[in-house]
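Peer 1: got a structure for you, letters missing:
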């Protein structure tokens, strides 16, 4: 039986045989049963918030394990609301994720890196397209006005899309406020929970340079087991019992093409991070640059992101000046999210509906006749050839975002501080798609060329003033905070087709 430090049974503890992947979880009464290969086996007990324990089995058949809390975690400082608190003083439900955990997973954005890192936080990808967004739910669906939480980056409110623009290597920590008491200071806007993101600061000392790079591949983990040509032809004849003439007298001569192999391919991911940091006790800085490119498993889709960031702090007796400037360039190509979500007509659905004996392209195709007759066509329904949409897709979306966060903190006496922060941002979007004419069939064709282009501009500013007084006497601590915040967001866009 496994107990906590107060003597109560501890459910959910991972009990693992050291050096193997064999393990079990304790039940509601802290009990567990596990079979070990020998008396030399070592059991490892793991549970969040407690120190790991190792026990050699030996001749024992029963165990009484008492887990010890990680005291150092209770002394950690976490960001809560418009200030910070010790973890031991926090009464609400707050989950903290450090940079070490975020960078262990090779993903492009921290929205995906949060998957499985905080209890009660569900990260649901919308489509899986490179650069696509995610739906974030904190403790399930809590509002009829959507599920996305409020995102605060370096003290300033942002949309959840801003998480995709952040380089995981630039993040110092993330705090997730999950219940009403911890998120109450944000009012109705924090009704779905709050995600607080703090970016890294420079460290004093000699100039330090860091470079990190990785590359990897992605592919479909499990393909569906579809019918071969002979099975498909047999089923088709069974569906047409009144037909006296068979489709073919030699079904064994029909080849079988797996359309999943035709449409899906191996995708490559590349990521490079470079940073410089240094300074003195009074002044420090951090400069970072990153490049990430993720190809899609569907051809002609990819997402590229380039980021620059400069963070610095300067102290002059009672004053501390801070600035955080970031630039993000994002370019994605291929299909939009809504094109993957069509119930009947989308790339994945039509791939699975293609007749298995049809090749990707018509063997009798003559380039001199343009695109006419280039693609194989489903004679028995089942949707259009997905390669038509893939081959004819020519869409590029570019976004540039520049943001500056400048603040001054004044501490005239011990415990009293005044923070004034102003943040300004600008976003520029450019989307262009060329739709070339083609003819695949009488129901799948485009009679004339077209180009669709849109431009968008977005602007924002945020101004905060916060006064905080902290003091302690005997064994009591208290903090008083008063502040004001004003913000404005506006923009415009224009669309045209020719």
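Peer 2: The structure has been received and is ready for your questions. Every value quoted in this text rests on a predicted model; they were computed, and no experiment measured them.

Peer 1: quick one: contacts for the residue lying closest to residue 388 once chain neighbours are set aside?
Peer 2: Distance criterion C-beta to C-beta, 6 or more residues apart in numbering; nearest residue to residue 388, sequence neighbours excluded, is residue 440 at 4.8 Å. Just so you know, the C-beta spots here come from the backbone N, C-alpha and C atoms, and that holds for glycine as well. The contact partners of residue 440, by C-beta atoms under 8 Å, 6 or more residues apart in numbering, come to 371, 374-375, 377, 384-385, 388.

Peer 1: what about the chain, any weak spots by pLDDT?
Peer 2: Within the chain, the segments meeting pLDDT under 70 span 48-49, 70-93, 141-146, 181-183, 241-247, 343-344, 365-373, 380-382.

Peer 1: which residue is nearest the centroid of it?
Peer 2: Note on the chain: the residue nearest the mean C-alpha position is residue 112, at 1.9 Å, using C-alpha atoms, centre = their mean.

Peer 1: partners of the helix or strand encompassing residue 197 in the sheet?
Peer 2: In this assignment (DSSP states H and E), residue 197 forms part of strand 194-199. Here strand 194-199 has these sheet partners by DSSP bridges: strand 150-153 (parallel), strand 171-177 (antiparallel).

Peer 1: which one of those strands lies closest to residue 185?
Peer 2: Each of the strands paired with strand 194-199 has some distance to residue 185 by C-beta to C-beta; the shortest is strand 171-177, at 9.2 Å.

Peer 1: okay, buried residues for the lengthiest helix in the chain please.
Peer 2: Ranked by residue count under DSSP state H, the longest helix found in the chain is helix 229-238. Neighbour-count burial for helix 229-238, counted by 16 or more other C-beta atoms under 10 Å, picks out 229, 232-233.

Peer 1: so which of those residues comes closest to residue 323?
Peer 2: Residue 323 lies nearest to residue 232 out of the buried residues of helix 229-238, by C-beta to C-beta, at 64.3 Å.

Peer 1: from residue 413, how far out is that closest one?
Peer 2: 82 Å (C-beta to C-beta, to the nearest Å).

Peer 1: next: residue 280.
Peer 2: Distance of residue 280 to residue 413, computed by C-beta to C-beta: 25 Å.

Peer 1: what of residue 311?
Peer 2: As judged by C-beta to C-beta, residue 311 and residue 413 stand 28 Å apart.

Peer 1: more neighbours, these two?
Peer 2: Taking neighbours as other C-beta atoms under 10 Å, residue 311 and residue 413 compare with residue 311 leading, 23 against 8.

Peer 1: buried sites along the helix or strand where the more buried one lies?
Peer 2: Assigned by DSSP H and E, residue 311 falls within strand 302-316. In terms of neighbour count (16+ other C-beta under 10 Å), strand 302-316 has its buried residues at 302-307, 309-315.

Peer 1: dump those residues into TSV; add distance to residue 260 as well.
Peer 2: Converted to TSV, those look like this (distance: C-beta to C-beta, whole Å):
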residue	distance to residue 260
302	20
303	22
304	26
305	29
306	33
307	35
309	40
310	46
311	46
312	51
313	53
314	57
315	60
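
Peer 1: and of those residues, the nearest to residue 275?
Peer 2: So of the buried residues of strand 302-316, ranked by how close each gets to residue 275 (C-beta to C-beta), first place is residue 309, at 8.6 Å.

Peer 1: quick check: bridge partners of the closest one?
Peer 2: According to DSSP bridges, the partner residues bridging residue 309 are residue 288, residue 326.

Peer 1: which ones are touching it?
Peer 2: Shown in contact with residue 309 (C-beta under 8 Å, 6+ apart): 167, 170, 199, 286-289, 324-327.

Peer 1: tell me the buried residues in stretch 30-45?
Peer 2: Of all the residues in stretch 30-45, those buried under the rule 16+ other C-beta under 10 Å are 30, 32, 41, 43-45.

Peer 1: endpoint to endpoint, that stretch covers what distance?
Peer 2: Stretch 30-45 has an end-to-end distance of 12 Å (criterion: C-alpha to C-alpha, to the nearest Å).

Peer 1: same thing with stretch 375-385?
Peer 2: Using C-alpha to C-alpha, one end of stretch 375-385 lies 7 Å from the other.

Peer 1: what residues of it count as buried?
Peer 2: So, applying 16+ other C-beta under 10 Å, buried residues of stretch 375-385: 375-378, 383-385.

Peer 1: list just the nearest of those residues to residue 349.
Peer 2: If you rank the buried residues of stretch 375-385 by distance to residue 349 using C-beta to C-beta, residue 383 comes first, at 6.6 Å.

Peer 1: is the closest one within a helix or a strand, and which one?
Peer 2: Here residue 383, judged by DSSP H and E, is contained in no helix and no strand.

Peer 1: and the nearest residue to residue 405 once chain neighbours are set aside, what does it touch?
Peer 2: Spatial nearest neighbour of residue 405, excluding adjacent residues (C-beta to C-beta, 6+ apart): residue 324 at 4.1 Å. Counting by C-beta under 8 Å, 6+ apart, residue 324 touches 154, 199, 309-311, 404-406.

Peer 1: my read: residue 354 touches residue 388, true?
Peer 2: No - between residue 354 and residue 388 no contact is recorded; they are 11.4 Å apart, counting by C-beta atoms under 8 Å.

Peer 1: residues near residue 18, how many?
Peer 2: Residue 18 has 13 neighbours, counted by other C-beta under 10 Å.

Peer 1: just to check, it is in contact with residue 42?
Peer 2: Yes - applying C-beta under 8 Å, one finds residue 18 in contact with residue 42, separated by 4.1 Å.

Peer 1: quick one: common contacting residues for the two?
Peer 2: Common contacts of residue 18 and residue 42, defined by C-beta under 8 Å, 6+ apart, comprise residue 54.

Peer 1: name the nearest of the contacts of residue 440 relative to residue 59.
Peer 2: Nearest to residue 59 among these: residue 385, at 68.3 Å, using C-beta to C-beta.

Peer 1: neighbours around residue 157, how many?
Peer 2: Number of residues near residue 157 (other C-beta under 10 Å) recorded here: 19.

Peer 1: now it. Nearest residue, chain neighbours left out?
Peer 2: In space, and not counting its chain neighbours, residue 157 is closest to residue 150: 6.3 Å by C-beta to C-beta, 6+ apart.

Peer 1: what about residue 38, which helix or strand?
Peer 2: Applying DSSP H and E as the criterion places residue 38 outside every helix and strand.

Peer 1: for it, give me phi and psi.
Peer 2: Residue 38 adopts backbone torsions of phi -160, psi 170, taken as degrees, to the nearest 10.

Peer 1: how near is it to residue 59?
Peer 2: In this view, residue 38 and residue 59 are 11 Å apart by C-beta to C-beta.

Peer 1: same question, residue 390
Peer 2: Distance, residue 390 to residue 59, by C-beta to C-beta: 65 Å.

Peer 1: those two: which is more packed in?
Peer 2: Neighbours per residue, other C-beta under 10 Å: of residue 390 and residue 59, the larger number sits with residue 390, 18 against 5.

Peer 1: residues in contact with that one?
Peer 2: If you count contacts by C-beta under 8 Å, 6+ apart, residue 390 has them with 263, 298-300, 347.

Peer 1: related to what we said a few turns ago, now, which of the buried residues of stretch 30-45 sits nearest residue 215?
Peer 2: Using C-beta to C-beta, residue 44 comes nearest to residue 215 of the buried residues of stretch 30-45, at 32.8 Å.
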